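model this:
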Amino acid sequence: MKENGDKISMITAYDAATAELVDSAGIDSILVGDSLGNVIQGLDNTLAVSLEEMIYHTKIVSRGVKNAHLAADMPFLSYQVSVDSAISNAGRLIKEGNAESVKLEVNEEYIDTVYAINKAGIPVIAHIGLCPQSVHVAGGYKVQGRSKDDADHLLHLAHLAEDAGAFLLVIESIPAPLAEKITKSLSIPTIGIGAGNNCDGQVLVFNDMAGLSPEPLPKFVNKFAEGRKIFIKATEKYIQQVKSRKFPSKNNSYE
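The predicted structure is shown next:
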C-alpha cells in the first residue's frame, strides 16, 4: 500500500462487537490498544493495564475480525524487563490472543528487543513520538520533536526501528513536517496519530472517532459521528417509554 500510495486506515477496538463493525466497514487494520485502560477501564493512563488483560481483549476482538490485520499493544513492563520475557510475552499475544503482530513503544534501549521479537517470527510495530507508557518521564502528554535535537533524535530512532525489523511505524503527536520527513525517508509504512496528513496511514481510538468519548478531546481527533449524543438520546427515550408504559408494547410481548 505504501508503494502504491494507498493510505492505510487503522482503528482501535476492544471487543468483538466493535471489531465486527469496523471490519465490516472495510478497515485495513485493527489495533487492540492498551488505551483500553483509558477507554474501557476508566483509568487516567495506560500503565496499570496488564498482559493478561491485553490477551483477553485481543482474543475477543479476534472473534469479530475477518479481513483486517490484527495488532496488539504490549503493555507496560511486558517488554521492558528483559529481551527473553519480551519474546515470551509477545508470543502469548500471538498464541493466546490471536494477534498477527505486536506493537511496542521504543527508544534506543528497546531496539534490540524489536530485533529479537522479529527474529522469533513475530511481526513488530514500533511506536515513537509521544509514548503514553513513558508519560511520567515525558512530564505529561506533550507534543514531541519540536526542537531540532529532538527531531533529529526521532528521525534516527525511526531508522533504527526499521533496521531492527519493524514492519510498521506508529508516530504519535509530532509536528507534521517532521512526520512527513520520517515517512519519506523510510521504506516501511508510517501510521500517524497527531502527526499530520503525510504519513502512510492514520489511526484513531474508535470511541474518539465515533464521538463516544467525553470532551475535551485531543486536537488531532476528528469526530465522524456524534455517537455520545445519539446514545444518550436513545437512552432517555427508552427511560421515558418504560416509565410511561409504552415499552414494551404488544408487538414486543409474547401471547
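
could you give me the buried positions within the strand or helix carrying residue 137?
Using DSSP states H and E, residue 137 falls within helix 135-138. Buried residues in helix 135-138, counted by 16 or more other CB atoms under 10 Å: residue 135. Where you see a C-beta, it was placed from the backbone N, CA and C, and this is true even at glycine.

and it, how far out from the chain middle?
Distance, stretch centre to chain centre, for helix 135-138: 19 Å (CA atoms, centre = their mean, to the nearest Å).

same check on stretch 111-118?
On CA atoms, centre = their mean, the centre of stretch 111-118 falls 20 Å from that of its chain.

immediately after the helix or strand bottoming out on mean pLDDT in the chain, which helix or strand?
None of the helices or strands of the chain scores lower by mean pLDDT, DSSP states H and E than helix 135-138, at a mean of 87. Remark: after helix 135-138, the chain's next helix or strand is helix 148-163, criterion DSSP H and E.

who does that following helix touch, helix- and strand-wise?
The elements that helix 148-163 packs onto, with contact taken as 3 or more CB pairs under 8 Å, 6 or more residues apart in numbering; DSSP states H and E, are helix 111-119, strand 124-129, strand 168-172, helix 176-185.

7 Å - rerun?
Using 3 or more CB pairs under 7 Å, 6 or more residues apart in numbering; DSSP states H and E, the elements in contact with helix 148-163 are helix 111-119, strand 124-129, helix 176-185.

most packed of the ones you listed?
With neighbours defined as mean count of other CB atoms under 10 Å, the helices and strands packed on helix 148-163 peak in mean count at strand 124-129, which reaches a mean of 26.

adjacent strands (with direction) for that one?
strand 101-105 (parallel), strand 168-172 (parallel) (DSSP bridges).

nearest to residue 252, of those?
strand 101-105 (44.5 Å; CB to CB).

per-residue confidence for residue 139?
Residue 139 carries a pLDDT value of 82.

also residue 234?
We have a pLDDT of 98 for residue 234.

what distance do you get for it to residue 209?
Here residue 234 is placed at a distance of 19 Å from residue 209 (CB to CB, to the nearest Å).

for stretch 120-131, what is the distance to the chain centroid?
11 Å.

can I get it as PDB, trimmed to CA atoms?
What follows is stretch 120-131, C-alpha atoms only, in PDB (Å, rounded to 0.1, in the frame of the first residue of the first chain):
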ATOM      1  CA  ALA A 120      11.500 -15.100  16.800                       C
ATOM      2  CA  GLY A 121       8.900 -14.900  13.900                       C
ATOM      3  CA  ILE A 122       6.600 -12.200  15.400                       C
ATOM      4  CA  PRO A 123       5.900  -9.100  13.300                       C
ATOM      5  CA  VAL A 124       6.700  -5.900  15.200                       C
ATOM      6  CA  ILE A 125       5.200  -2.400  15.000                       C
ATOM      7  CA  ALA A 126       7.400   0.300  16.600                       C
ATOM      8  CA  HIS A 127       5.800   3.300  18.200                       C
ATOM      9  CA  ILE A 128       7.700   6.600  18.600                       C
ATOM     10  CA  GLY A 129       7.000  10.200  19.400                       C
ATOM     11  CA  LEU A 130       4.600  10.600  22.300                       C
ATOM     12  CA  CYS A 131       4.700   7.300  24.200                       C
END
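
pLDDT averaged over that stretch, what's the number?
Averaged over stretch 120-131, pLDDT sits at 98.

again with stretch 187-202
Regarding stretch 187-202, the rounded mean pLDDT is 98.

what does stretch 20-34 give?
Per-region confidence: stretch 20-34 scores 98 on mean pLDDT.

which outside residues touch that stretch?
Residues outside stretch 20-34 that contact it (CB atoms under 7 Å, 6 or more residues apart in numbering) are 8-14, 19, 46, 49, 54, 57-58, 61, 64-73, 75, 103, 203, 205-206.

which parts of that stretch are buried?
Buried residues in stretch 20-34 (16+ other CB under 10 Å): 20-23, 27-34.
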